[in-house]
Each structure stands twice: as structure tokens, then as C-alpha cells.
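1. Predicted model, plus sequence, below.
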Amino acid sequence: MPSVAVASLFIIDPLYTVPLLVSVIAACIWRHRGAKACGIGLAVSTLYLASSVYQLEKIEVRVATQTQGTDLAGRPHIIMPTPFNTLLWRVVIIGDDHYWEGLASRLDKDKHIQWITRPRGQWPLAGSETLMALRTFSRDFIRFENRNGQQVVTDLRFGVANYQPFQFLLAEQDAEGQWQPVMPKQLEPGSLRDSALPTLWQRLLGDQSIDARLCRQSCQKDAVDKTQSISLNAKP
């Protein structure tokens, strides 16, 4: 049976777990009312979970509406909540050679999503069991990078801006420049600017001058990865 998942909650979301934790603590203190306390905590968390599914569906409709009739229509995509909330969502659309990334907040006044595009890169070897397993696990939402003779594969489903927690070294170039598979090694996830979290909060509140790199329009020209914002063209 195929697995089914609804990615409507961030892996850590205090608004979901705190009501459950409070209800358990209350049940331990007032044991004669433990069942009622746990019931209330479960009800609050379940309502929050249901609301997250509703928010996800609204973003799904928004993405479908914007990409309809464009080069991105029908391409595989994922929509994931950003850390600790269900209002700001990260959208990734995968292509053959590039992928598109954008942020969409439920508090946005303009429903247009600003996309940035980045190259997916290429895998230099004929095949690899580890790579095939990663492709299957990530549903092929991966990016390849040659970092000074090291081939790094990144799972695009997780992270925000330049913070990518699942990056793996899978191959290296030898002295003759030939690629050789190596024992998989998980790499450091990268770093976020000190201003990243405040900027993320401002984007959540609907500041659409901030793009998927958590970079304002004033700094986009100086972005380290030289990624450019794009506008979608309608299909002929």
C-alpha cells in the first residue's frame, strides 16, 4: 500500500504540542480531572491540525491558480510550512534542469507568488544505490552541486533560505578528474543571517518585498547565489 502524508505541520510546532503537554501536566496534578484535561488538550490540538490542513489547501489553490497556463503548470511541487507556524508556506516546483521556490503567506494582500529559480545540477556518475534510495525517499526533490570536486546532493523538501539541513556528500573527483562514489556523509546545513528570523516573521505578516532567500528587494542584486527573480510566461 502506498504511503500517504499531509505536510501541513512543521516538524516542531509548539502550537500543536503545547496544548497536549499542558493537558498531561494538568492531569498529573489534578488526577480526578485527568480525563477531562486530556480531552480538552486533544481537542485543541486536533482543531489546530485541522486548521493547518485548511491553510495548506488555500495555498494549493493559490499555487494552481498562478501557475495555470504557464511553464510551471502540472509540474511536481511541494508545499511545506515554515518553522513554528501554519501561515507562511514554502513552495518548491521541480523541473528537469531547474527548480522554482517561493514563499506564500496567508496574510499576503497580493496573491501573486514571487518565484526564484535555481539550477538543479547534474549527477556525474552512471548510477548509485544510495542516490536511487535518496531519489525515492525525497520523491526526486533533490539538487546536485559540484563543490570543488565534491558532489553534494541536497534534499529540497526541508530548510529555508540557505539553511538546508539534509545535504549529503556522495562522490568526489580523483587526481585524474574522474568522479568516484564515496561513503555517504551528511554535511553541515549552512547558516542563516542574524536577520533571517526577524525577516521570516515580517514575511509571515505579509511583507512581499522579501523573497524565498529571506532577502529584501534592496539586497536581491547582491545575493550570494546570484539567483534572479523570474516572471512566468504563459504557454503559447
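-> On my side now, so go ahead.

2. C-alpha only now, for contacts and for neighbours.
-> Noted.

3. For E172, which non-adjacent residue is closest in space?
-> Leaving aside its sequence neighbours, E172 sits nearest to Q150 (C-alpha to C-alpha, 6 or more residues apart in numbering; 4.5 Å).

4. does that neighbour really touch F168, like I thought?
-> No: counting by C-alpha atoms under 8 Å, F168 is not a contact partner of Q150; they are 10.1 Å apart.

5. for this structure, what are the low-confidence residue spans?
-> 1-4, 217-236 (pLDDT under 70).

6. As a check, name the ranges of all helices in it.
-> Along the chain, the segments classed as helices by DSSP state H run 14-29, 34-67, 129-138, 196-204.

7. Minimum distance to E176: which of those helices has it?
-> Nearest to E176 among the helices of the chain is helix 129-138 (23.1 Å), distances taken as C-alpha to C-alpha.

8. Contacts for the closest one next, please.
-> Contacts to helix 129-138, defined as C-alpha atoms under 8 Å, 6 or more residues apart in numbering, come from residues D140, F141, I142, D155, R157, L170, P184.

9. Tell me which residue lies farthest from the centre of this structure.
-> What lies farthest from the middle of the chain is H32; by C-alpha atoms, centre = their mean that is 43.4 Å.

10. who's in contact with stretch 46-60?
-> V6, S8, L9, L15, Y16, I79, T86, L87, W89, A104, R106.

11. Using TSV, lay out these together with distance to A64 and neighbour count.
-> Shown next, in TSV, are the contacts of stretch 46-60 (distance: C-alpha to C-alpha, whole Å; neighbours: other C-alpha atoms under 10 Å):
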residue	distance to A64	neighbour count
V6	17	10
S8	17	21
L9	20	21
L15	28	16
Y16	28	21
I79	12	23
T86	19	25
L87	18	21
W89	14	24
A104	13	28
R106	15	17
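
12. Please flag which of these sit within strands.
-> Counting by DSSP state E, the members of the contacts of stretch 46-60 that fall within strands are I79, W89, A104.

13. In contact with the residue nearest to E172, which residues?
-> The neighbourhood of Q150, defined by C-alpha under 8 Å, 6+ apart, consists of L169, L170, A171, E172, Q173.

14. quick one, what contacts the first one?
-> Residues counted as contacts of L169 (C-alpha under 8 Å, 6+ apart) are Q150, Q151, V152, V153, V182, P184, K185, Q186, L187.

15. And the nearest residue to the fourth one once chain neighbours are set aside, how close does it get to W89?
-> So that's V153. Excluding the flanking residues, the one nearest V153 by C-alpha to C-alpha, 6+ apart is F144, at 4.8 Å. Using C-alpha to C-alpha, to the nearest Å, F144 is found at 24 Å from W89.

16. Can you give me every residue that contacts the residue lying closest to Q151 once chain neighbours are set aside?
-> Counting by C-alpha to C-alpha, 6+ apart, A171 is the residue found nearest to Q151 once chain neighbours are left out, at 5.0 Å. For A171, the contacting residues are Q150, Q151, V152, W179, Q180, P181, V182, by C-alpha under 8 Å, 6+ apart.

17. same check, this time on A126
-> Residues near A126 by C-alpha under 8 Å, 6+ apart: none.

18. Just the buried residues of the contacts of A171.
-> Buried residues within those, counting neighbours by 16 or more other C-alpha atoms under 10 Å: Q150, Q151, V152, W179, P181.

19. May I see these organised as CSV, with distance to V53 added?
-> Shown next, in CSV, are the buried ones among the contacts of A171 (distance: C-alpha to C-alpha, whole Å):
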residue, distance to V53
Q150, 39
Q151, 37
V152, 33
W179, 44
P181, 41
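
20. biggest separation within those residues, which pair?
-> Spatial extent of those (C-alpha to C-alpha) is set by the pair V152 and W179 at 12.2 Å.
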